[in-house]
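Student: Predicted model follows, preceded by the sequence.
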Amino acid sequence: MKHTIEVMISAEEIEQQLDILAEKINAHYANSERLLMVGLLKGSVVFMADLCRRIKGHVEIDFMSVSSYGNAMSSSRDVKILKDVQSDIEGRDVLIVEDLIDSGNTLNKVRDMLLLREPKSLALCTLLDKPERREVDVPVDFIGFTIPDEFIVGYGIDYAEQYRNLPYIAKVVPLD
Ligand SMILES: O=P(O)(O)OC[C@H]1O[C@H](OP(=O)(O)OP(=O)(O)O)[C@H](O)[C@@H]1O
Ligand code: HPA
Ligand SMILES: [Mg+2]
């Protein structure tokens with residue numbers, strides 16, 4: 001598809017919001033002994049790298065890979081688990097770190113799966129939330145930005161694997 005991109009959230013705005021988000025997360029986990037942050041590959045990698053460096057105390061990171069979009073622009077609803085976490089999460093405080101919640105299918109599936117393993121607590125953090133697109137309800141504890149129904153790229157998020165390296169968030173604008 002022929003398209004262009006337009007900046008939606010600048011790198012400076014992301015930095016500022018990460019400071020606010022990290023402050024909330026640090027306060028929430030002030031008494032936690034071994035917080036485990038679980039990022040969903042690949043989209044959350046950039047966000048995870050910036051967020052985890054702002055979290056205090058003993059923190060571990062791990063990753064899962066699930067995929068529902070492939071190279072398409074809409075969710076297939078059929079969320080596939082491609083790589084599981086390496087850590088045993090039973091009895092742990094677990095924070096899922098996600099770049100974007102759109103339909104909610106990805107996080108809903110991951111949440112259900114991780115809850116079966118009986119973590120001490122399970123919370124969800126997303127940089128971007130697109131509530132207008134929600135198909136399933138997911139309880140989100142920490143949200144960076146609530147955004148309108150636009151297709152987003154940058155800061156880890158792709159369109160057909162392109163644009164993950166952008167330091168800002170942009171929207172994809174189709175050209176005819
Ligand atoms: O709320 P949903 O409608 O499920 O969509 C959100 C998910 O879709 C994207 O991932 P994708 O499956 O494209 O994989 P990627 O992170 O490797 O790009 C995005 O990074 C979220 O993980
Ligand atoms: O807006 C989006 N951009 C990229 N990937 C996505 N997966 C769900 N929504 C999006
Ligand atoms: Mg993607």
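Tutor: That came through, no problem. Owing to the predicted nature of the structure, the values given are computational and were not obtained by experimental measurement. Ligands and ions are numbered 1, 2, ... in the order given.

Student: partners of the helix or strand where Glu98 lies in the sheet?
Tutor: Following DSSP states H and E, one finds Glu98 within strand 93-101. Strand 93-101 pairs in its sheet with strand 35-41 (parallel), strand 121-129 (parallel), by DSSP bridges.

Student: for this structure, what's the longest helix?
Tutor: helix 11-28 (DSSP state H).

Student: Point out the other elements, helices or strands, that that helix touches.
Tutor: Packed against helix 11-28 by the contact rule (3 or more C-beta pairs under 8 Å, 6 or more residues apart in numbering; DSSP states H and E) you find helix 45-52, strand 121-129, strand 142-146. To be clear about C-beta, it is placed using only N, CA and C from the backbone, and glycine gets the same treatment.

Student: ok so, going back, which one of the strands paired with strand 93-101 lies closest to ligand 3?
Tutor: strand 35-41 (10.1 Å; C-beta to the ion).

Student: so, in contact with ligand 1 or not, the worst-scoring helix or strand of the chain on mean pLDDT?
Tutor: Ranking every helix and strand in the chain by mean pLDDT, DSSP states H and E puts strand 80-83 at the bottom, with a mean of 87. No: against ligand 1, strand 80-83 shows no contacts by C-beta under 6 Å from any ligand atom, the least distance being 9.0 Å.
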